[in-house]
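Chemist: kindly return the folded structure for what I paste below:
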Amino acid sequence: MSEPVCSARTRPQALRVLFVLATVACLVSCSARPQAGTLVMIIETSPTNLDPRVGLDGQSERIDELLFDALLDRDEHFNVRPGLADRWEIPDPLTYVFHLHPGVKFHNGNRLTSRDVKWTFDSLLQGKIRSAKSAAYRFVDHLEAPGDLTVVFHLKEPDAPLLWNLSEGAIGIVPYGSGNELSHHPIGSGPFRFVSAQQDKDVILERNDDYWGTKPQLQRVRFMIVPDSTTRALELRKGSADVAISALTSDTVLTLERESHLDVVREPGTIAAYLAFNLRDPILKDVRVRRAIAYAIDRTPMIHYLLRDFARPAYSLLPAGSWAYNGDVPHYDFDPQHAKQLLDQAGYVAVNGVRFHLEMKTSTEEGTRLIAAVLQQQLREVGITLDIRTFEFATFLSDVTRGAYQVHSLRWIGGNEDPDIFENVFHSSRFTPLGANRTFYRNPRIDALIDQARKEPEQNTRRQLYAEIQRILADDLPYVNLWYLDNVLVHSKRVRNLTLNSSGNYNFLKTAELVN
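Modeler: As a prediction, this is how the structure comes out:
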């Protein structure tokens, strides 16, 4: 079934009715107000694994960034900068030497030294810890720790993305000897310490008073797990929670913005939504069909009515703030007449208004289903019948990973902040399940450029290579890049000094303050 774009205008009114009803039902059951020294932050799901060598889901990685320090940090343009390593040298393309900050301690009081850094990566390279993150270090041959504050990475072949894969958000440093127990009781050196975690209930952290860097202002943070979107809004509205970031629908944010005790902070984000094609499909393997679909899509009403302008059009998988971003690529602005011409050229002449059927698989998430319904309507205008099939997310992702689809839509969260993503998503050696090339896209020129960029140490040269990669991808169109979602933080006015970054992680908790 399709839903007209303009019907989204009625959703705020319906949501307000739901708020009234749900508030009455929730007066007894909802949580009490937060304790004086505790900030309560709502998250949608429990972290799956708080070992920074293992956890891949967004909650695990973002909480890990508060518990663990990495060798390197990242700036606003996704360049690396000092972290635990004050400085580093690259004497040759196969050798990276890092010099650690002195006096850093783990939460258990032990000093952090090069032995801990070596163990962190040895445990992955030698299979002591089983993790999908091991693939990021496949070009590391071995590590040396010639002194307490010096660690040396020796590579098998040049690997320019190594520095990114050693930075915050990719992996944190764990104590020597740490095994699987770290997933349940993490011990890091970060600004917060782990207190407790209860599945589907909460995760509690407290300030690390011995932190080597700038200490947080907050005494304690309680991450409250609330899977239901309406309940998340109610907790904020009642004052039983302080903060939620990118965890509410756009309509809900606009409703909560009118609450006197709440504020909304909004910044451009890096989460990229896209439409993907299975290039093994006999219809979609024709680039003219893919381009026709791109021309038939009108992003403007979807961004305005469905996303309430909390998004910006995307023309690359990389965010616009990336040092490697190239916006000078073919754009497919809304042009249904040109779409029809391309389909005619491809031999798909309309019969009774229909050229062919395509099946789009999607998850049960409300926003995704609404977007699919609008796409269905827009493609119908050029003679393409889009049949929508909805599945629980695990089943949907399983089908996508197996290549059992024609069209699907997903988002890249964090993984698209470094251009190394092009290898994982578009290199022909990374067809799923070996990588994330789920479109089965193959272009020898793209493969060669990706291989060259990975081995090239000079950033300006890499930038030029990635610029060409983005131009070719925009021409070949295995993906239609749709939009970048804003990071939207709703918080109570008892929370101050909140600073968002484009990644949308939880680092704002490092500077946040409570005013009681």
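
Chemist: kindly list the longest strand within the chain.
Modeler: With secondary structure taken from DSSP state E, the chain has its longest strand at strand 262-277.

Chemist: what angle do strand 262-277 and the helix or strand following that strand make with each other?
Modeler: For strand 262-277, the following helix or strand on the C-terminal side (DSSP states H and E) is helix 287-296. With axes from the mean of the first three to the mean of the last three Cα atoms, to 10 degrees defining the directions, helix 287-296 sits at 160 degrees from strand 262-277.

Chemist: for the record, mean pLDDT for helix 287-296?
Modeler: For helix 287-296, mean pLDDT is 98.

Chemist: burial count for the nearest residue in space to residue 488 that is not next to it in sequence?
Modeler: Leaving out its chain neighbours, the residue that sits closest to residue 488 by Cβ to Cβ, 6 or more residues apart in numbering is residue 266, at 5.1 Å. (Each C-beta comes from the backbone N, C-alpha and C, glycine too.) Number of residues near residue 266 (other Cβ atoms under 10 Å) recorded here: 15.

Chemist: for residue 302, list the residues it contacts.
Modeler: For residue 302, the contacting residues are 5, 371, 374, 482, 483, by Cβ atoms under 8 Å, 6 or more residues apart in numbering.

Chemist: could you dump these to a markdown table with distance to residue 337, neighbour count and secondary structure?
Modeler: Formatted as a markdown table, those follow (distance: Cβ to Cβ, whole Å; neighbours: other Cβ atoms under 10 Å; DSSP: H, G, I helix; E, B strand; the rest coil):
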| residue | distance to residue 337 | neighbour count | secondary structure |
| --- | --- | --- | --- |
| 5 | 19 | 19 | helix |
| 371 | 23 | 20 | helix |
| 374 | 20 | 22 | helix |
| 482 | 21 | 21 | strand |
| 483 | 23 | 20 | strand |
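
Chemist: list just the nearest of the residues you listed to residue 209.
Modeler: Proximity of the contacts of residue 302 to residue 209 (Cβ to Cβ) peaks at residue 483, which lies at 42.2 Å.

Chemist: next, the contact list for the residue nearest to the closest one when sequence neighbours are not counted, please.
Modeler: Leaving aside its chain neighbours, residue 483 sits nearest to residue 311 (4.1 Å; criterion: Cβ to Cβ, 6+ apart). Residues near residue 311 by Cβ under 8 Å, 6+ apart: 273, 303, 483, 484, 485, 486.

Chemist: give me the number of residues near the fourth one?
Modeler: I take that to be residue 484. Using other Cβ under 10 Å: residue 484 sits among 26 other residues.

Chemist: can you classify it by secondary structure?
Modeler: Three-state call for residue 484 (DSSP: H, G, I helix; E, B strand; the rest coil): strand.

Chemist: bridging residues for it?
Modeler: residue 272, residue 312 (DSSP bridges).

Chemist: mind checking how far it is from residue 452?
Modeler: According to Cβ to Cβ, to the nearest Å, residue 484 and residue 452 sit 27 Å apart.

Chemist: show me where the stretch 351-500 of the chain has helices.
Modeler: For the stretch 351-500 of the chain, the helices defined by DSSP state H, counting those that start in this stretch occupy 366-380, 393-401, 421-426, 444-455, 459-476.
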